[in-house]
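Novice: Got a predicted structure here, sequence first:
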Amino acid sequence: MLILGVGAASLTSNHFSMGSFHSYWLIAAGCAVVFVVYALLRRKKKTPEELERERRAWLDGVGRITDGTVIDVQEIPSEGRSAAIHLIYKYDVAGVSYECSQDVTYLRQWINLHSCRLGLHTSVKYDPQNPGNSLVVSESWMGLRH
């Protein structure tokens, strides 16, 4: 009977150590989940200017080029900062006509807005998967012809 008592105590202590080992894994997994949620919530959202810069860089890399025409340049007044400048242009891809505008407010140093006039021929870079996504000017590419 003494042997049975030792065996029972031995089983209980082994069961306790296995249970505590399992608890450590649960605590570690819980901490990891909390850390990932914290990192995702703390992440800084990108500003519209950053998103536009990334779009232009992406189109610079994957865009195809077609001919287009400048329709107009418009200055749009905005509260609290200088007027936004939009370059309005049109182009055709696979028989479909597109009319787009690009905010060139932050790209003024690369273009001469006074030379942009109605009917000015330009090259347009567009996304082959979504031809409505296009640009005429970026930090590393210029479609305007002089």
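Specialist: Now that the structure is in, tell me what you want to look at. Residues are numbered from 1 along each chain as shown.

Novice: Can you tell me how far V33 is from W25?
Specialist: V33 sits 13 Å away from W25, going by CB to CB, to the nearest Å. Bear in mind the C-beta positions are built from the backbone N, C-alpha and C, glycine included.

Novice: now do V136
Specialist: In terms of CB to CB, V136 sits 57 Å off from W25.

Novice: who's more crowded, the two?
Specialist: Legend: neighbour count by other CB atoms under 10 Å for V136 and W25, higher for V136 (25 against 9).

Novice: give the contact list for that one.
Specialist: G68, V70, L87, Y89, Q102, V104, T122, S123, V124, K125, G143, L144 (CB atoms under 8 Å, 6 or more residues apart in numbering).

Novice: and the third one, how many neighbours?
Specialist: The local packing of L87 (other CB under 10 Å) involves 25 other residues.

Novice: next one: the second one
Specialist: By other CB under 10 Å, 21 other residues sit near V70.

Novice: Many thanks, we can stop here.
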